[in-house]
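Q: model this:
(2 chains)
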Amino acid sequence: AQKVTQTQTSISVMEKTTVTMDCVYETQDSSYFLFWYKQTASGEIVFLIRQDSYKKENATVGHYSLNFQKPKSSIGLIITATQIEDSAVYFCAMREETGFASALTFGSGTKVIVLP
Amino acid sequence: EAAVTQSPRSKVAVTGGKVTLSCHQTNNHDYMYWYRQDTGHGLRLIHYSYVADSTEKGDIPDGYKASRPSQENFSLILELASLSQTAVYFCASSDAQSSYEQYFGPGTRLTVL
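A: Numbers count the residues shown, from 1 in each chain, chains lettered A, B, ... in the order given. Coordinates of the predicted model:
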């Protein structure tokens, strides 16, 4: 069965610096998709970025980028030039090609606190 | 603009009572999902649907039923609410055109007393 693990429960960083958070996953599928979502203090969940397992290039969207290390089953999220509004809980999620109708398996989340 | 809405946004229910949570999407997506989030945890899949009039069990379906009367609407039903079902419930939708990226509703905070 698929599993997604985020071991960092909370990270504090200074504004305008870079934060990196880790995520490891387990899957038997040869094809899968990895996502990062952001949950704001209001509870809103927003999609940030996606990595397809067959792609070797790390995905980048705005000031979000991924560090995809397939041999280690690892997908890290990097946020550069952090802003106060980046304070949130970040969830890693995985979709297996053969999983429940494209449903996601989520990690437990990493809380990021950006300090002024 | 694509959107997923949920109602009610907050509800207090009594143990043993019936609760219905509703979800409506204007994304024209085929897939819809119900997740549960407990404080300090990630989301867990309860039920999902890939077509109207059909629902499937997810990872934690016990104590929940689902209904998909149309492509746009997906309900989660707690026939006999229990204390352990106190949580925040999120609805989401997706489809192949969006590469299965899921769009989430704002959530419903359910408290069972």
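
Q: Looking at chain A, what residue ends up closest to chain B?
A: Proximity of chain A to chain B (Cβ to the nearest Cβ) peaks at A:Phe106, 3.6 Å away. All C-beta atoms are positioned from the backbone trio N, CA, C, and that covers glycine.

Q: For that residue, which non-adjacent residue is closest in space?
A: In space, and not counting its chain neighbours, A:Phe106 is closest to B:Gly42: 3.6 Å by Cβ to Cβ, 6 or more residues apart in numbering or on different chains.

Q: again, but for A:Cys92
A: Counting by Cβ to Cβ, 6+ apart, A:Cys23 is the residue found nearest to A:Cys92 once chain neighbours are left out, at 3.4 Å.

Q: Look at that neighbour and report its pLDDT.
A: pLDDT recorded at A:Cys23 is 97.

Q: Can you get me a residue count around it?
A: A count of nearby residues for A:Cys23, using other Cβ atoms under 10 Å in any protein chain shown, gives 25.

Q: got the phi/psi numbers for it?
A: Main-chain dihedrals, A:Cys23, degrees, to the nearest 10: phi -160, psi 130.

Q: Near chain A, which residues of chain B are found?
A: With Cβ under 8 Å from any Cβ of the partner chain as the criterion, chain B meets chain A at residues B:31, B:33, B:35, B:40-45, B:48-50, B:56, B:58-59, B:88, B:90, B:94, B:99-104, B:106-107.

Q: Separate out the buried members of these.
A: Buried members of the residues of chain B next to chain A, counted by 16 or more other Cβ atoms under 10 Å in any protein chain shown: B:31, B:33, B:35, B:42-45, B:48-50, B:56, B:58, B:88, B:90, B:94, B:100-104, B:106-107.

Q: For A:Lys111, identify the helix or strand it belongs to.
A: Assigned by DSSP states H and E, A:Lys111 falls within strand A:110-115.

Q: got a list of contacts for that strand?
A: Strand A:110-115 is contacted by residues A:6, A:8-15, A:19, A:21-22, A:79, A:82-90 when judged by Cβ atoms under 8 Å, 6 or more residues apart in numbering or on different chains.
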